[in-house]
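# Here's a sequence, model it:
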Amino acid sequence: MADKPTVVAVQKALSSAKKRKFVETVELAVNLRDIDLTLPKNRIQEDVILPKGRGKTIKITVIGGGELALKAKDVADLVITPDELGAIANNKKQAKKIANDTDYFIAEAPMMATVGKRLGTVLGPRGKMPRPIAPGVDPTVMIDNLRKSVTVRTKDRKTFHVPVGSVEMSADDIAENVDVIMKRVESHLEKGKHNIDSAYIKTSMGPSERLM
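Residues are numbered from 1 along each chain as shown. Below is the predicted model of the structure:
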């Protein structure tokens, strides 16, 4: 169950946002303090499963062959076989389109080095390098979890944004997602919540509401 102050902040953010012709994402913005993010050990990069999901369709691409490709065919949005990988890598326009259309990539573990070599320049800057999976493993559970996941990534900046749902979700559900992320962020920080300067909730085009 979500903390009441979080629910109130989310309700205010949702009610103050104008109606749009598309479904807006709801975002959490966090500002850190007293932490040196030029040191890689202080940075956060982690997938967090949201208890109430994303409120939108999350697209997954699986890169692999054989048994993995067969099992992924019915659960992934796109399957790229080893034979297809080279052609896509040689077509930068196609590679960029796939990278932009895909939220998460999964690759057969033995292919990770090849994927990095062929598609690293496209996937790396977008923060979309694949998650490895063992050959022949059924990817269904991994895919289901990623469809409910967000990636918390600070890089070297003290301000970062994380999607926590959509305006079609209830304030309670969004707030529950927010609380899970905030707790996970605090667990990574040396001084916990004392390293958090402030946090805001907002729709992608709406005004922000202070959370803390």
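# do you know how far residue 115 is from residue 165?
30 Å (CB to CB, to the nearest Å). Backbone N, C-alpha and C define where each C-beta goes, glycine included.
# mind showing which ranges of this protein have poor pLDDT?
Within the chain, no stretch has pLDDT under 70.
# all helices for it, in order.
Taking DSSP state H, the helices of the chain run over residues 4-16, 66-72, 82-90, 92-101, 112-123, 140-147, 171-188.
# Out of these, which one sits most buried?
helix 171-188 (a mean of 20; mean count of other CB atoms under 10 Å).
# Name the residues that touch it?
Contact with helix 171-188 is made by 1-3, 6-7, 9-11, 14, 26, 28, 30, 44, 46, 48, 50-52, 55, 150, 152, 162, 164-165, 192-193, 195-196, 199, 201, 211, as judged by CB atoms under 8 Å, 6 or more residues apart in numbering.
# 7 Å instead?
Here helix 171-188 makes contact (CB atoms under 7 Å, 6 or more residues apart in numbering) with 2-3, 6-7, 10-11, 14, 26, 28, 30, 44, 46, 48, 50-52, 152, 162, 164-165, 192-193, 199, 201.
# List every C-alpha atom in it, with coordinates, as PDB.
As requested, the backbone C-alpha atoms of helix 171-188 are provided in PDB (Å, rounded to 0.1, in the frame of the first residue of the first chain):
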ATOM      1  CA  ALA A 171      -3.100   7.700  -8.100                       C
ATOM      2  CA  ASP A 172      -2.900   4.900  -5.600                       C
ATOM      3  CA  ASP A 173      -1.200   2.500  -8.200                       C
ATOM      4  CA  ILE A 174       1.200   5.200  -9.300                       C
ATOM      5  CA  ALA A 175       2.100   6.100  -5.700                       C
ATOM      6  CA  GLU A 176       2.800   2.500  -4.900                       C
ATOM      7  CA  ASN A 177       5.200   2.400  -7.900                       C
ATOM      8  CA  VAL A 178       6.900   5.600  -6.700                       C
ATOM      9  CA  ASP A 179       7.400   4.300  -3.100                       C
ATOM     10  CA  VAL A 180       9.100   1.200  -4.400                       C
ATOM     11  CA  ILE A 181      11.500   3.200  -6.500                       C
ATOM     12  CA  MET A 182      12.300   5.700  -3.800                       C
ATOM     13  CA  LYS A 183      13.000   2.800  -1.300                       C
ATOM     14  CA  ARG A 184      15.300   1.200  -3.900                       C
ATOM     15  CA  VAL A 185      17.100   4.400  -4.600                       C
ATOM     16  CA  GLU A 186      17.600   5.100  -0.900                       C
ATOM     17  CA  SER A 187      19.100   1.600  -0.400                       C
ATOM     18  CA  HIS A 188      21.800   2.400  -2.900                       C
END
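# Show me the domain layout of the protein.
Domain assignment of the chain by automatic domain parsing yields the ranges 4-55+149-210, 60-146.
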